[in-house]
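Engineer: Structure here, sequence nowhere to be found:
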């Protein structure tokens with residue numbers, strides 16, 4: 001009775017050990033295969049990333065054109081300096097500093113007009 005039980009138990013443990021070992025070997029093999037695939041993909045990506053000089057020049061030119069187009073669109077939204085100069089003429093002397101501090105463009109208009117940045121705190 002007991003001997004049969006222990007033999008069965010020994011066989012069951014042996015079977016579990018073999019299955020566990022096989023599973024670990026399979027996991028290791030899968031991990032190695034996965035690492036190989038990852039390495040191959042990484043090498044492929046690196047090869048795809050190489051670009052010749054013409055591509056670099058084209059990319060830089062395209063970027064410059066996009067920046068110029070964006071500046072042009074931005075400038076369409078802004079009033080021209082001549083119009084800001086007319087507006088500045090209607091600003092009193094104490095408000096010229098506030099006008100000039102709004103933006104670089106308005107500071108440039110103020111400088112071009114020759115009006116001084118003076119404030120009376122009375």
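Structural biologist: That came in fine, so what should we check first? Computed from a predicted model, the values in this text were never measured in an experiment.

Engineer: Residue 11 is in what secondary structure piece?
Structural biologist: Here residue 11 sits within helix 2-49, counting by DSSP states H and E.

Engineer: next structured bit after that helix?
Structural biologist: Heading C-terminal from helix 2-49, the first helix or strand you meet, by DSSP H and E, is helix 53-77.

Engineer: Give me the buried stretch members for that following helix, please.
Structural biologist: Of the residues in helix 53-77, none count as buried by neighbour count, 16 or more other Cβ atoms under 10 Å. Every residue, glycine included, has its C-beta placed from N, CA and C.

Engineer: quick one on the thing from earlier: give me the helices and strands touching the helix holding residue 11, please.
Structural biologist: Applying 3 or more Cβ pairs under 8 Å, 6 or more residues apart in numbering; DSSP states H and E, one finds that helix 2-49 makes contact with no other helix or strand.

Engineer: what's the neighbour count on the residue nearest to residue 99 when sequence neighbours are not counted?
Structural biologist: Setting aside the residues directly before and after it, residue 99 is nearest to residue 91 in space (Cβ to Cβ, 6 or more residues apart in numbering), at 5.2 Å. As a burial measure, residue 91 scores 16 neighbours (other Cβ atoms under 10 Å).
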